[in-house]
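Undergrad: Generate a structure from the sequence data that follows.
(chains A and B)
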Protein chains: 2
Amino acid sequence: MEISLADIESARIRIQALAQKTPVAHSRLFDKASGTEVYFKCENLQRGGAFKIRGALNFLMSLAPEERKRGVVTYSSGNHAQAVAMAAAHLGVVATIVMPTDAPKAKLASTQAYHPKIVFFDRAREDREAIAHRIANETGAVILPSYDHPWIIAGQGTAALELLEEKPDLDAIVTPLGGGGLLSGTLIAAKALRPNIKIYGIEPELADDWYRSLEAGERIAIAPPATIADGLRTPIPGEITFPIVRALADGVVRVSEEEIKASLRFILSRMKLLTEAS
Amino acid sequence: MEISLADIESARIRIQALAQKTPVAHSRLFDKASGTEVYFKCENLQRGGAFKIRGALNFLMSLAPEERKRGVVTYSSGNHAQAVAMAAAHLGVVATIVMPTDAPKAKLASTQAYHPKIVFFDRAREDREAIAHRIANETGAVILPSYDHPWIIAGQGTAALELLEEKPDLDAIVTPLGGGGLLSGTLIAAKALRPNIKIYGIEPELADDWYRSLEAGERIAIAPPATIADGLRTPIPGEITFPIVRALADGVVRVSEEEIKASLRFILSRMKLLTEAS
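TA: Purely as a prediction, here's the structure:
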């Protein structure tokens, strides 16, 4: 399924009742420290604390009424789980979320606040995808992937639409790169609107599956990465996201754990914004 | 000198080159926890990290050219010092700032970044106002007060103009209350634009000079307060701000140190915004 700017524009209309148009922050101190004029699309201030609600909501709203009735099942211990729980509650869709028994308590509590069905699994002995597929087979629920789906990618791309509307003259956009949903959506939206804009993905040196895969020209899996950027620990590029990034991105840049921590500290202490390492 | 809505509207035009129009944040979680629909005017994201730049810049830009040449002198260990240093550097005005030898290192560094003249004093043995007045007498510099001046009050009132433009239907506005500059400016702006709006000041129980003064009907000084809200430690209401607050405010509410800390924690962990206790 080809994804186009039109899909992202439609997604924007679908999600606007629940997803917020987040502000764009600017800091002269950051500009000075970085030697570049930088604007921050504050998805940390998004509902649920991350951009994930965009894709989750677009997915749920793109389902046929009959599919919505069957419910959805997803697996995540992070922001995606919370986003699916929130979006499903908003739409009255039954959501089942497969979470590890050792999921961070704060993420678990934020997810439980929306009363989804939660199925716990033992990370050491069980495979969450297998559990999700079993549930889907048994109940008829639709699998809701966390990044590797056109509806998710189109939803995440809505952040770039908003950003370019507010800052039309950007030379480049830089996004974090885990599964590749946000970067893929950004590439499709921004390259269509601004053919000359440069777009880069950023991943931790400790989780450089994208860098290696692009060098090799094929999807390469790495060992489970230990980076503090826990949202970017996917060990292999997505099947759908990889060809999009390969065709359209201007590069993937790797950053050290120290660089990630220094940025977090700067943004918190000087810009007063709490961000995740991812 | 009477202060009117027109003064605040003029201030807004004067300051717009340097002061930012800050975003208004909203959190369903906060609404749920508080049982009220609440919007936050994010002056923590303002240049310099506080609303103080509004008043400082309006003051400097209201000076006659001849006065600007003489420079300004102010005393503060906090956000006002930084705001004056920043605004003065922006306009090429020489600023002298009287700071205690034990000023917080971060505030000192943020102030020094704009290269004002800094005169240190010993908090235990010297009086900063006396030092500032001596400097003013010797050098001809203009004293730039931190709250008790019509230009400062008009500058701080610009935050309320922005807020009501973005959220015209507010039932009430609540502001922190230290010297009373922000509350006074807010009262003048908001009561002129929305005669039925309720406006409250909030001060720490440990620094309740306003509450006591309003009860007594006159300005009452308290012992130096020990609250963690270090920007609200002024021990007595201002001469100019007191009659404004007394005439126009709908009340002053006191909060405990525990309530202040709980709010800080909630806003940081759930809303991703770093705020000061004040």
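Undergrad: which residue ranges form the helices in the stretch 101-250 of chain A?
TA: Here the stretch 101-250 of chain A has its helices, by DSSP state H, counting those that start in this stretch, at A:105-112, A:128-139, A:150-166, A:181-193, A:209-216, A:241-248.
Undergrad: So which bits of the fifth one are buried?
TA: Of the residues in helix A:209-216, those with enough neighbours to count as buried (16 or more other C-beta atoms under 10 Å in any protein chain shown) are A:209-214. Quick note: C-beta positions are derived from backbone N, CA and C, even for glycine.
Undergrad: Can I get that helix in CSV? Just the C-alpha atoms.
TA: As requested, C-alpha coordinates have been extracted for helix A:209-216 and formatted as CSV (Å, rounded to 0.1, in the frame of the first residue of the first chain):
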residue,chain,number,x,y,z
ASP,A,209,20.4,-1.1,13.3
TRP,A,210,19.3,1.5,10.8
TYR,A,211,22.8,2.8,10.1
ARG,A,212,24.1,-0.7,9.5
SER,A,213,21.1,-1.7,7.4
LEU,A,214,21.4,1.3,5.1
GLU,A,215,25.1,0.7,4.7
ALA,A,216,24.4,-3.0,3.8
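Undergrad: angle of that helix against helix A:241-248?
TA: Between the axis of helix A:209-216 and that of helix A:241-248 there is an angle of 60 degrees, by axes from the mean of the first three to the mean of the last three C-alpha atoms, to 10 degrees.
Undergrad: Could you pull up the mean pLDDT of helix A:209-216?
TA: In this model, helix A:209-216 has an average pLDDT of 98.
Undergrad: for chain A, what helix or strand is lowest in average pLDDT?
TA: In chain A, the helix or strand scored least confidently by mean pLDDT, DSSP states H and E is helix A:105-112, which has a mean of 88.
Undergrad: Relative to the whole chain's centre, how far out is that helix?
TA: Averaged C-alpha coordinates place helix A:105-112 at 18 Å from its chain's average position (C-alpha atoms, centre = their mean, to the nearest Å).
Undergrad: Which neighbouring elements make contact with it?
TA: Contacting helix A:105-112 under the criterion 3 or more C-beta pairs under 8 Å, 6 or more residues apart in numbering or on different chains; DSSP states H and E are the following elements: helix A:79-91, strand A:95-100, strand A:117-121.
Undergrad: A:Ala11 and chain B, how far apart?
TA: As judged by C-beta to the nearest C-beta, to the nearest Å, A:Ala11 and chain B stand 22 Å apart.
Undergrad: residues near that residue, how many?
TA: By the measure other C-beta atoms under 10 Å in any protein chain shown, the count of residues near A:Ala11 is 30.
Undergrad: What does it show for phi and psi?
TA: Backbone torsions for A:Ala11, taken as degrees, to the nearest 10, come to phi -60, psi -40.
Undergrad: And A:Thr74, by the same measure?
TA: Comment: the main-chain dihedrals of A:Thr74 come out as phi -140, psi 170, following degrees, to the nearest 10.
Undergrad: circling back: out of the helices and strands packed on helix A:105-112, which gets nearest to B:Ile15?
TA: helix A:79-91 (37.7 Å; C-beta to C-beta).
Undergrad: With only the CA atoms kept, save that closest one in PDB.
TA: The C-alpha atoms that make up helix A:79-91 are tabulated as PDB, following Å, rounded to 0.1, in the frame of the first residue of the first chain:
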ATOM      1  CA  ASN A  79       4.300   5.100  24.800                       C
ATOM      2  CA  HIS A  80       2.600   3.100  22.100                       C
ATOM      3  CA  ALA A  81       0.700   1.000  24.700                       C
ATOM      4  CA  GLN A  82      -0.600   4.100  26.400                       C
ATOM      5  CA  ALA A  83      -1.500   5.700  23.100                       C
ATOM      6  CA  VAL A  84      -3.500   2.700  22.000                       C
ATOM      7  CA  ALA A  85      -5.300   2.500  25.400                       C
ATOM      8  CA  MET A  86      -6.200   6.200  25.300                       C
ATOM      9  CA  ALA A  87      -7.300   6.200  21.600                       C
ATOM     10  CA  ALA A  88      -9.300   3.000  22.100                       C
ATOM     11  CA  ALA A  89     -11.100   4.300  25.200                       C
ATOM     12  CA  HIS A  90     -11.900   7.500  23.300                       C
ATOM     13  CA  LEU A  91     -13.500   5.600  20.500                       C
END
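Undergrad: So which residues on the stretch 51-200 of chain A come close to chain B?
TA: Residues of the stretch 51-200 of chain A lying close to chain B by C-beta under 8 Å from any C-beta of the partner chain are A:Ala106.
Undergrad: so the least confident helix or strand of chain A versus strand A:95-100, what angle?
TA: Inter-element angle recorded for helix A:105-112 and strand A:95-100: 170 degrees (by the same axes, to 10 degrees).
Undergrad: okay, now A:Asp127: neighbour count?
TA: With neighbours defined by other C-beta under 10 Å, the count for A:Asp127 comes to 13.
Undergrad: May I have the residues that are in contact with it?
TA: For A:Asp127, the residues meeting the contact criterion (C-beta atoms under 8 Å, 6 or more residues apart in numbering or on different chains) are A:Phe121.
Undergrad: Next one, pLDDT for it please.
TA: On pLDDT, A:Asp127 comes in at 88.
Undergrad: Ok, A:Met1 next?
TA: 65.
Undergrad: Same question for the one 5 residues further on.
TA: The per-residue pLDDT reported for A:Ala6 equals 97.
Undergrad: That one: neighbour count?
TA: Burial measure for A:Ala6: 10 neighbouring residues, criterion other C-beta under 10 Å.
Undergrad: Can you say which helix or strand has it in it?
TA: helix A:5-15 (DSSP states H and E).
Undergrad: ok, now which ones touch the residue nearest to A:Val119 when sequence neighbours are not counted?
TA: Closest residue to A:Val119 in three dimensions, ignoring its sequence neighbours and counting by C-beta to C-beta, 6 or more residues apart in numbering or on different chains: A:Val98, at 5.0 Å. Listed by C-beta under 8 Å, 6+ apart, the contact set of A:Val98 reads A:73-76, A:118-121, A:128, A:131-132, A:135.
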